[in-house]
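# Sharing a model prediction with you, sequence too.
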Amino acid sequence: MKPLMREWTYLTPAEAIGRWLVWLAIVAATVWAVRSIDIIPEFLIDAPEQMADLLVRMWPPDVAHYYPSVHVALVETLHIATLGTILSLFLAIPIALMAARNICRIPVLNVTAQLILVSSRSVNSLVWALIFVAVFGPGPAAGTFAIAFRSIGFVGKLLAEALEESSPGPLEALTAAGAPWGSTMLKGVWPQVQPAFWGIALFRWDINVRESAVLGLVGAGGIGVVLDDAINFFQWDRVATVLLAILAVVVIAEIVVTRIRTRLI
């Protein structure tokens, strides 16, 4: 009996055709996107020269402009990020409990909670800011609520996943001993998810510091208002000062959050 001879091929004909179709779809989508955004070749060629001219106008930064206008707006931005993060934690915890299938065993509540979390994440913070500016009027209150409602989806999703990954042993033991639901959550679940909770809270606060810096562009308070004013009046040296202040705060926040998370973990 002759041995069975097989010829090795990298891809089958169907796989090769499928791969070429995927590449064709990517190229077609790219060409369609480029044509739809209306790129003007003359502006594209002139962009490096215009960028260089803008950088020349921004240097040197108007450092004297930092205090008090930029400083006050920067502190307001940190307040918006902090209060928005705290508010989002209070709002996200019950939703995360409903979304966690090992905690809440009612499918309707699970689906409802997941829908809320997806809705929060799908709307950009600037869109939330526009909505709350229409509700509360321009100012930091609109920015705080925008940050909070944008953060619910992020915090709730990660916290729900941490709850679902918790060990069921302590929860079952406390339930068998007749402990009420609150005690089982406090003694059986919270010690397991506590590191993840604080890590999520710090990580989200770090993100919110960056997002709250641009909410002022739509009237939601913070340093974005100062930045928008400087751009509208073509005060590019003041724009440079605002951008450097934002960069410094973001870097400091990143260092602080990283060190705190390292100690917690």
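Nice, I can see it.
# mind checking how far stretch 90-100 is from the chain centre?
18 Å (Cα atoms, centre = their mean, to the nearest Å).
# which residues are contacting that stretch?
Under the criterion Cβ atoms under 8 Å, 6 or more residues apart in numbering, residues 103-104, 109-110, 112-114, 116-117, 148-149, 151-152, 155-157, 159-160, 163-164, 185 lie in contact with stretch 90-100. For the C-beta atoms, the positions are set from N, CA and C on the backbone; glycine is no exception.
# same thing but 6 Å
103-104, 109, 113-114, 116, 152, 155-156, 159-160, 163-164 (Cβ atoms under 6 Å, 6 or more residues apart in numbering).
# In which helix or strand does the most centrally placed residue in the chain reside?
The geometric centre of the chain, computed from its C-alpha atoms, lies nearest to Ile207 (Cα atoms, centre = their mean), at 5.7 Å. Ile207 belongs to helix 190-212 when assigned by DSSP states H and E.
# Can you work out which other helices and strands pack against that helix?
On a contact count with 3 or more Cβ pairs under 6 Å, 6 or more residues apart in numbering; DSSP states H and E, helix 190-212 meets helix 71-99, helix 140-164, helix 236-264.
# try it again with 10 Å
Applying 3 or more Cβ pairs under 10 Å, 6 or more residues apart in numbering; DSSP states H and E, one finds that helix 190-212 contacts helix 71-99, helix 125-136, helix 140-164, helix 168-176, helix 236-264.
# contacting residues around the residue nearest to Lys157 when sequence neighbours are not counted?
If the residues on either side of it in the chain are set aside, Lys157 comes closest to Leu117, at 5.1 Å by Cβ to Cβ, 6 or more residues apart in numbering. Leu117 is in contact with 92, 95-96, 98-99, 152-160, counting by Cβ atoms under 10 Å, 6 or more residues apart in numbering.
# farthest-separated two in the residues you listed?
Met98 and Phe154 (16.4 Å; Cβ to Cβ).
# which one of the two has more residues nearby?
Per other Cβ atoms under 10 Å, whichever of Met98 and Phe154 has more neighbours is Met98, with 22 against 19.
# re earlier: list the helices and strands the following helix or strand past the helix holding Ile207 packs on?
Later in the chain than helix 190-212, the nearest helix or strand by DSSP H and E is helix 223-232. Secondary-structure packing of helix 223-232 (3+ Cβ pairs under 10 Å, 6+ apart): helix 71-99, helix 140-164, helix 236-264.
# Quick one: closest of the ones you listed to Val34.
The nearest among the helices and strands packed on helix 223-232, by Cβ to Cβ, is helix 236-264 at 29.4 Å.
# remind me which residues of the protein are low pLDDT?
1-11, 264-265 (pLDDT under 70).
# that older thread, return the distance of the helix holding Ile207 from the chain's centre.
On Cα atoms, centre = their mean, the centre of helix 190-212 falls 11 Å from that of its chain.
# Dump that helix to PDB, restricted to CA.
This file holds the C-alpha atoms of helix 190-212, laid out as PDB (Å, rounded to 0.1, in the frame of the first residue of the first chain):
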ATOM      1  CA  TRP A 190     -16.400  43.800  49.300                       C
ATOM      2  CA  PRO A 191     -13.000  42.500  50.600                       C
ATOM      3  CA  GLN A 192     -12.500  40.700  47.300                       C
ATOM      4  CA  VAL A 193     -13.400  43.600  45.000                       C
ATOM      5  CA  GLN A 194     -12.000  46.400  47.200                       C
ATOM      6  CA  PRO A 195      -8.500  46.600  45.400                       C
ATOM      7  CA  ALA A 196     -10.200  46.600  42.000                       C
ATOM      8  CA  PHE A 197     -12.700  49.200  43.100                       C
ATOM      9  CA  TRP A 198     -10.100  51.700  44.200                       C
ATOM     10  CA  GLY A 199      -8.000  51.000  41.100                       C
ATOM     11  CA  ILE A 200     -11.000  51.700  38.900                       C
ATOM     12  CA  ALA A 201     -11.800  54.900  40.800                       C
ATOM     13  CA  LEU A 202      -8.200  56.200  40.500                       C
ATOM     14  CA  PHE A 203      -7.900  55.200  36.800                       C
ATOM     15  CA  ARG A 204     -11.200  56.900  36.000                       C
ATOM     16  CA  TRP A 205     -10.300  60.100  37.900                       C
ATOM     17  CA  ASP A 206      -7.100  60.200  35.900                       C
ATOM     18  CA  ILE A 207      -9.100  60.000  32.600                       C
ATOM     19  CA  ASN A 208     -11.600  62.600  33.900                       C
ATOM     20  CA  VAL A 209      -8.800  65.100  34.500                       C
ATOM     21  CA  ARG A 210      -8.000  65.000  30.800                       C
ATOM     22  CA  GLU A 211     -11.600  65.000  29.600                       C
ATOM     23  CA  SER A 212     -12.700  67.800  31.900                       C
END
